[in-house]
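> sequence and predicted structure, then a few things I'm wondering about:
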Amino acid sequence: MPELPEVETVRRALEKRLVGLKVTAYELGRPTFYRRPPAQALKSLVGSTIEAVRRRGKYLLLSLSGKQELALHLGMSGRLILAKANGSHKPHLRFSLFIDGQALEFHDARRFGRVGCRLPELGPEPLDAAFNAHYLRQALRGRKAPIKALLMDQEIVAGIGNIYATEALFASGIRPDRKAGRLSAGEIKRLGSAIKKILARAVELGGSTLEDNAYLDPLGQPGRFQEVISIYGRKTDPCGHALKATKKPLAGRTSLYCPVCQK
DNA sequence: ACGAGTACCTGGCAGC
DNA sequence: TGCTGCCAGGTACTCG
């Protein structure tokens, strides 16, 4: 599932291959009713040059000449693929941008992705200095929601989803259903550092590609963070303890933890 | 303001 | 084997 490390990996690949090139055409995939890509927004890009590829949280931003910007969210199954410009016609292709002999294709089986969307309010980037123990303490103060739900709240910190929230809580020894406002200063400090460490490592390894292959980079390469994942999608933790799921889902998500290592 | 719950979509898989 | 039904996920919405 694309979270910050996966989107950042996509960003780097596109930046390397697309900056300075011109959009020559676009094409919509098979018509759909649910979240149809806005043809107008794509059309207005034709003739513009890609000046930068940026990222904010899980959003990818194509900055083009003429102050144009196209925001993309991959949802859970969205995939950006760089292909030869003759264009493929896979069933889940939603649109293609033709860029100097290449095609940038947006495929999205489950159609949770968004194109040409406006960015919502987003909290700090977790790898920036502004995201630190002090900030996190302020943000969690008095909150009664489970800590995992707040880690996945994009207004508190941008870019974390189920995989990295699960891993960060395991690494800092905190149960996902603890009330956020009840964490000690020490726990918050550990949690903040764990988030930074895990996300930075995941970016280095090119993100996580789980068994379902939901995520592949624009050249079709899988990430390697799944090789060092401690508990997400596993049955036992690295010590061999059987993992448990919380009784209630948190923020609507099943939540895995180690009943021995997480307090 | 906050927390909980739900709809949206569809491939894949468990269970019959 | 073939079917049904449920689950996964992020966001935006509603409701209390």
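That came in fine, so what should we check first?

> how deep is residue A:224 tucked in, by neighbour count?
14 (other C-beta atoms under 10 Å). All C-beta atoms are positioned from the backbone trio N, CA, C, and that covers glycine.

> and the residue nearest to it when sequence neighbours are not counted, what does it touch?
Setting aside the residues directly before and after it, residue A:224 is nearest to residue A:205 in space (C-beta to C-beta, 6 or more residues apart in numbering), at 4.2 Å. Counting by C-beta atoms under 8 Å, 6 or more residues apart in numbering, residue A:205 touches A:5, A:223, A:224, A:225, A:227, A:228.

> can you narrow the residues you listed down to the ones near DNA strand C?
Residues of these in contact with DNA strand C (C-beta under 7 Å from any atom of the strand): none.

> how much space is there between the residue nearest to residue A:224 and DNA strand C?
According to C-beta to the nearest atom of the strand, to the nearest Å, residue A:205 and DNA strand C sit 18 Å apart.

> so stretch A:38-56, near DNA strand C or not?
No: figure legend: stretch A:38-56 not in contact with DNA strand C (C-beta under 7 Å from any atom of the strand); closest approach 10.1 Å.

> got the buried residues for that stretch?
Buried residues in stretch A:38-56, counted by 16 or more other C-beta atoms under 10 Å: A:38, A:41, A:42, A:44, A:45, A:48, A:49, A:50, A:51, A:53, A:55, A:56.

> restricting to C-alpha, output it in PDB.
Taking C-alpha atoms only, stretch A:38-56 is exported to PDB below (Å, rounded to 0.1, in the frame of the first residue of the first chain):
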ATOM      1  CA  PRO A  38     -10.700  15.100 -14.900                       C
ATOM      2  CA  ALA A  39     -10.000  15.300 -18.600                       C
ATOM      3  CA  GLN A  40      -9.800  19.100 -18.400                       C
ATOM      4  CA  ALA A  41      -7.000  19.000 -15.900                       C
ATOM      5  CA  LEU A  42      -5.000  16.600 -18.000                       C
ATOM      6  CA  LYS A  43      -5.700  18.400 -21.200                       C
ATOM      7  CA  SER A  44      -4.400  21.700 -19.800                       C
ATOM      8  CA  LEU A  45      -1.000  20.000 -19.200                       C
ATOM      9  CA  VAL A  46      -0.400  19.300 -22.800                       C
ATOM     10  CA  GLY A  47       2.400  21.500 -24.100                       C
ATOM     11  CA  SER A  48       3.800  22.200 -20.600                       C
ATOM     12  CA  THR A  49       7.200  21.100 -19.300                       C
ATOM     13  CA  ILE A  50       7.700  19.100 -16.100                       C
ATOM     14  CA  GLU A  51       9.700  21.300 -13.800                       C
ATOM     15  CA  ALA A  52       9.700  19.300 -10.600                       C
ATOM     16  CA  VAL A  53       8.200  16.200  -9.100                       C
ATOM     17  CA  ARG A  54       7.400  16.800  -5.400                       C
ATOM     18  CA  ARG A  55       5.700  14.900  -2.600                       C
ATOM     19  CA  ARG A  56       3.600  16.000   0.400                       C
END
